[in-house]
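Colleague: Sequence plus predicted model, see below.
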Amino acid sequence: MKMTILVISDTHGHLKHVEALLARNKGIDRIVHLGDHAADGEYLEALTDLPVDRVSGNCDYPDGENPLEKVLEVHGKRILLTHGHLRQVKYGLETLRAHVREEGLDGAFFGHTHCRFLGYEGDAVLLNPGSMSLPRDGGGPSFALVQVGEDGILHVSLGEMQGKKPVKLF
């Protein structure tokens, strides 16, 4: 069965856009929160009853429930979840790309820059959903929807909030 994952990052305690998005999208099966206020992931888990995978960002305190990085396995795909500060993503993606290659990962989801990004390292997906509270790329609050089929194919869409309505970007 296909799984739809909402990927968000850098909420910094401001969840009104996330709540509006969740109210309009009932087909989400799982949420990934990539840090900077990882506690927001705990709140979303209680709010939605959906599983929420979360990692700590540079503004968080890592603990057993919110590690600095983790690998999510979905339908045979291994995806690194990281805030990105440990991989120096503000200075380029080479450290992240090298880790994806070395570990044979199928993808890496990261935040930290507050700017949307969708790219590839070979066949592996590199995804930054931007920020739902403090976007820095000239757009509105942003997120990603990732669909993983039973065949393991990842389909990624970046989205942006316009008012209380989500719109698909690409």
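Modeller: Happy to help now that I have it. Numbering: from 1, shown residues only.
Colleague: Verify the contact between Val146 and Val7 for me.
Modeller: Yes: judged on CB atoms under 8 Å, Val146 makes contact with Val7 at a distance of 5.9 Å. Bear in mind the C-beta positions are built from the backbone N, C-alpha and C, glycine included.
Colleague: Find residues that contact each of these two.
Modeller: Applying CB atoms under 8 Å, 6 or more residues apart in numbering, one finds that Val146 and Val7 are jointly contacted by 109, 127.
Colleague: isn't there a helix covering Glu45?
Modeller: Yes: judged by DSSP: H, G, I helix; E, B strand; the rest coil, Glu45 forms part of a helix.
Colleague: elements contacting the longest strand that the chain contains?
Modeller: Determined from DSSP state E, the single longest strand within the chain is strand 154-162. Counting by 3 or more CB pairs under 8 Å, 6 or more residues apart in numbering; DSSP states H and E, the packing neighbours recorded for strand 154-162 are helix 16-24, strand 116-121, strand 124-129, strand 142-148, strand 165-168.
Colleague: What's the local residue count around Ile79?
Modeller: 25 (other CB atoms under 10 Å).
Colleague: Report the contact partners of it.
Modeller: 71-73, 105-109, 125.
Colleague: Next one, pLDDT for it please.
Modeller: Looking at Ile79, its pLDDT stands at 98.
Colleague: Next, it: secondary structure please.
Modeller: Taking three-state DSSP, the label given to Ile79 is strand.
Colleague: can you tell me how far it sits from Val7?
Modeller: As for Ile79, its distance to Val7 is 10 Å (criterion: CB to CB, to the nearest Å).
Colleague: so what sits against both of those two?
Modeller: With CB under 8 Å, 6+ apart as the test, Ile79 and Val7 both reach Phe109.
Colleague: sorry, back to before: who's in contact with the longest strand of the chain?
Modeller: Residues outside strand 154-162 that contact it (CB under 8 Å, 6+ apart) are 17, 20-21, 77, 106-107, 116, 118, 125, 127, 129-130, 132, 139-149, 166-170.
Colleague: What strands line up against the lowest-mean-pLDDT helix or strand in the chain, and which way round?
Modeller: Least confident helix or strand of the chain, by mean pLDDT, DSSP states H and E, is strand 165-168 with a mean of 78. Next to strand 165-168 in the sheet, as set by DSSP bridges, lie strand 154-162 (antiparallel).
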